[in-house]
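Peer 1: structural data only, the sequence is not supplied:
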């Protein structure tokens, strides 16, 4: 049995164990029936187990990809097959109890599926927003972007030069060619994604944007400096080159003005990723240039996981973006008037509960205003071969590309469904917090205090405890109870 709000999607799973070999196992079910002829749509997937590469060597078999269950499948004697049920409640459907029967042939065993639809809709994601790091070699289709939006994602990040930005030298004048980028961002707008769009101009060793400018205009880069042990040499523009600096500003001015004219979401600039590694001098210079010449454009400052690094980045950034030391860096952001965003790794190898927590409540407990994850569709070699690169693809991606004959939609994973659940955890909280603001009362103050006690409790437990489904479900139940309590309270 599952409980969901109007317009929400929820998942259930069950297993079939074969005591003896079965040639063709078929699972049959219809939509769930409810009050006054209302129905809940339900789809069935098979859970595909696959080997996951272990960092210390070896592999383990784990539930990974979800594939449509549209044909019978064989089961060996002693084998167990997991099936995944996805239920979706219409936004305008009736609240109340729904049910259906799932039948497994052979031998005709039946599983009763029940769902309770709550008498409210969840607020759309607001603060925090949810964002993804995109693979530079793979453009999501409009259909794919629409599904991402439906799951709650609004923000995108990629590196300069990918998705179609070209630097052109036309008789000594700079022009950016937006043709391909316009095409992609029209898909983003059509999907209803609100942004922001974070554009990384360089990484921790290479200034991609300034290198493109130097190549187009025949300008020299700064002399290469060997990086710290294990780091690539620095490849950046000469900070004292007035011509390069002028082109740097002009290209960004064209980008911002073009985006505003086309109605793009907000563009946030990331001069260098992880600048504290070796690029702090360059970072300070580029941030000063952007703030002086392009006032109002926000700068995304990557602090990683140390307060000392955040303190270096903070004076030059509008947003502090952390992947650790969240409490102290969040406090620094609030005290210095900066926005506070967070990011982390969520990938196909994560469990449902692990992905749910790491992309939801793990960030809410630190009061993050924007949540990013690495990475959506990054692959190292053959996506279906865990062992053909230095690390397995299950560490780099949350979805898989379709194989021949599987259409053009990516193949979801159990962890991707966990992420949806994590986003919905925070949508329940967002809905509750709106009601608390709208209906101030002793009752609302009590509920706010109880909510803050839950937040504090998430800070006091280990991750092994935090990712337990029972704990997250208990929190969700309390939030639902408080929403119903405030929704029925008299104004």
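Peer 2: Ah, there it is. What you see is a predicted model; the values in this text were computed from it and never measured. Residues are numbered from 1 along each chain as shown.
Peer 1: does residue 188 sit in a helix, a strand or a coil?
Peer 2: Assigned state for residue 188: helix (three-state reduction, DSSP: H, G, I helix; E, B strand; the rest coil).
Peer 1: report the separation between the closest residue to residue 72 other than its chain neighbours and residue 79.
Peer 2: Closest residue to residue 72 apart from its sequence neighbours, by Cβ to Cβ, 6 or more residues apart in numbering: residue 24 at 3.6 Å. Where C-beta positions appear, they are placed from N, C-alpha and C, glycine not excepted. Distance of residue 24 to residue 79, given as Cβ to Cβ, to the nearest Å: 14 Å.
Peer 1: who has more neighbours out of the two?
Peer 2: Neighbour totals were compared for residue 24 and residue 79, and residue 79 leads with 14 against 11 (other Cβ atoms under 10 Å).
Peer 1: so that one touches residue 18, yeah?
Peer 2: Yes. Contact criterion Cβ atoms under 8 Å: residue 79 and residue 18 qualify, at 5.3 Å.
Peer 1: overlap of the contact sets of the two?
Peer 2: Shared contacts of residue 79 and residue 18, defined by Cβ atoms under 8 Å, 6 or more residues apart in numbering, are absent.
Peer 1: quick check: beta-bridge partners of residue 113?
Peer 2: residue 100 (DSSP bridges).
Peer 1: let me see the contact set for it.
Peer 2: Each residue near residue 113 by Cβ under 8 Å, 6+ apart is listed here: 1, 12, 29, 32, 42, 85, 87, 99, 100, 101, 102.
Peer 1: PyMOL command for the buried members of the residues you listed?
Peer 2: Here is the PyMOL command that selects only those of the contacts of residue 113 that count as buried (16 or more other Cβ atoms under 10 Å):
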select buried, resi 12+29+32+42+85+87+100+102
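Peer 1: save the contacts of residue 113 as JSON lines, and put in pLDDT, secondary structure and distance to residue 405 too.
Peer 2: Formatted as JSON lines, these follow (pLDDT from 0 to 100; DSSP: H, G, I helix; E, B strand; the rest coil; distance: Cβ to Cβ, whole Å):
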{"residue": "1", "pLDDT": "88", "secondary structure": "coil", "distance to residue 405": "36"}
{"residue": "12", "pLDDT": "94", "secondary structure": "strand", "distance to residue 405": "28"}
{"residue": "29", "pLDDT": "90", "secondary structure": "coil", "distance to residue 405": "24"}
{"residue": "32", "pLDDT": "95", "secondary structure": "strand", "distance to residue 405": "30"}
{"residue": "42", "pLDDT": "95", "secondary structure": "strand", "distance to residue 405": "24"}
{"residue": "85", "pLDDT": "96", "secondary structure": "strand", "distance to residue 405": "24"}
{"residue": "87", "pLDDT": "97", "secondary structure": "strand", "distance to residue 405": "27"}
{"residue": "99", "pLDDT": "97", "secondary structure": "strand", "distance to residue 405": "35"}
{"residue": "100", "pLDDT": "96", "secondary structure": "strand", "distance to residue 405": "29"}
{"residue": "101", "pLDDT": "95", "secondary structure": "strand", "distance to residue 405": "31"}
{"residue": "102", "pLDDT": "95", "secondary structure": "strand", "distance to residue 405": "26"}
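Peer 1: which SSE is the closest residue to residue 367 other than its chain neighbours in?
Peer 2: Closest residue to residue 367 apart from its sequence neighbours, by Cβ to Cβ, 6+ apart: residue 330 at 5.8 Å. In this assignment (DSSP states H and E), residue 330 forms part of helix 326-335.
Peer 1: for the helix or strand that comes right after that helix, which helices and strands make contact with it?
Peer 2: Scanning forward in sequence from helix 326-335 by DSSP H and E, the next helix or strand is strand 339-345. Applying 3 or more Cβ pairs under 8 Å, 6 or more residues apart in numbering; DSSP states H and E, one finds that strand 339-345 contacts strand 319-322, helix 326-335, helix 361-364, strand 370-374.
Peer 1: could you redo the last one with a cut-off of 7 Å?
Peer 2: Secondary-structure packing of strand 339-345 (3 or more Cβ pairs under 7 Å, 6 or more residues apart in numbering; DSSP states H and E): strand 319-322, helix 326-335, strand 370-374.
Peer 1: looking at these, which is closest to residue 308?
Peer 2: Proximity to residue 308 (Cβ to Cβ) singles out helix 326-335 among these, at 10.0 Å.
Peer 1: what residues of the least confident helix or strand in the chain by mean pLDDT count as buried?
Peer 2: Least confident element among the helices and strands of the chain, by mean pLDDT, DSSP states H and E: helix 463-466 (a mean of 87). For helix 463-466, a neighbour-count test (16+ other Cβ under 10 Å) marks residue 466 as buried.
Peer 1: how many other residues sit next to residue 170?
Peer 2: If we define neighbours as other Cβ under 10 Å, then residue 170 has 8 of them.
Peer 1: the helices in the stretch 201-350 of the chain, which residues?
Peer 2: Counting by DSSP state H, counting those that start in this stretch, the stretch 201-350 of the chain has helices at residues 208-217, 242-262, 280-293, 307-313, 326-335.
Peer 1: could you dump the ones you listed into a markdown table and include mean neighbour count and distance to residue 193?
Peer 2: Formatted as a markdown table, the helices of the stretch 201-350 of the chain follow (neighbours: other Cβ atoms under 10 Å; distance: least, Cβ to Cβ, whole Å):
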| stretch | mean neighbour count | distance to residue 193 |
| --- | --- | --- |
| helix 208-217 | 20 | 23 |
| helix 242-262 | 16 | 14 |
| helix 280-293 | 18 | 24 |
| helix 307-313 | 20 | 27 |
| helix 326-335 | 18 | 25 |
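Peer 1: now these as JSON lines including distance to residue 300 and mean pLDDT?
Peer 2: Putting the helices of the stretch 201-350 of the chain into JSON lines (distance: least, Cβ to Cβ, whole Å; pLDDT from 0 to 100) gives the following:
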{"stretch": "helix 208-217", "distance to residue 300": "14", "mean pLDDT": "95"}
{"stretch": "helix 242-262", "distance to residue 300": "14", "mean pLDDT": "97"}
{"stretch": "helix 280-293", "distance to residue 300": "10", "mean pLDDT": "97"}
{"stretch": "helix 307-313", "distance to residue 300": "10", "mean pLDDT": "98"}
{"stretch": "helix 326-335", "distance to residue 300": "12", "mean pLDDT": "97"}
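Peer 1: which of those sits closest to residue 174?
Peer 2: helix 242-262 (5.2 Å).
Peer 1: contacts for the closest one, please.
Peer 2: Defining contact as Cβ atoms under 7 Å, 6 or more residues apart in numbering, one finds that helix 242-262 is touched by 167, 174, 176, 178, 182, 210, 213-214, 217, 219, 237-238, 267, 269, 289-290, 293-294, 297.
Peer 1: helices of the stretch 51-200 of the chain, start to end?
Peer 2: So, for the stretch 51-200 of the chain - with DSSP H, counting those that start in this stretch - the helices run 142-151, 179-190.
Peer 1: ok so, going back, residue 190: which of the helices of the stretch 201-350 of the chain is closest?
Peer 2: Across the helices of the stretch 201-350 of the chain, residue 190 has its closest neighbour in helix 242-262 (12.7 Å, Cβ to Cβ).
Peer 1: now that closest one, how far from the centre of its chain.
Peer 2: Offset of helix 242-262 from its chain centre (Cα atoms, centre = their mean, to the nearest Å): 29 Å.
Peer 1: quick one: that helix to helix 179-190, angle?
Peer 2: Taking axes from the mean of the first three to the mean of the last three Cα atoms, to 10 degrees, one finds that helix 242-262 is oriented at 40 degrees with respect to helix 179-190.
Peer 1: okay, residue 330 and residue 366: tell me how far apart.
Peer 2: Distance from residue 330 to residue 366, by Cβ to Cβ: 5 Å.
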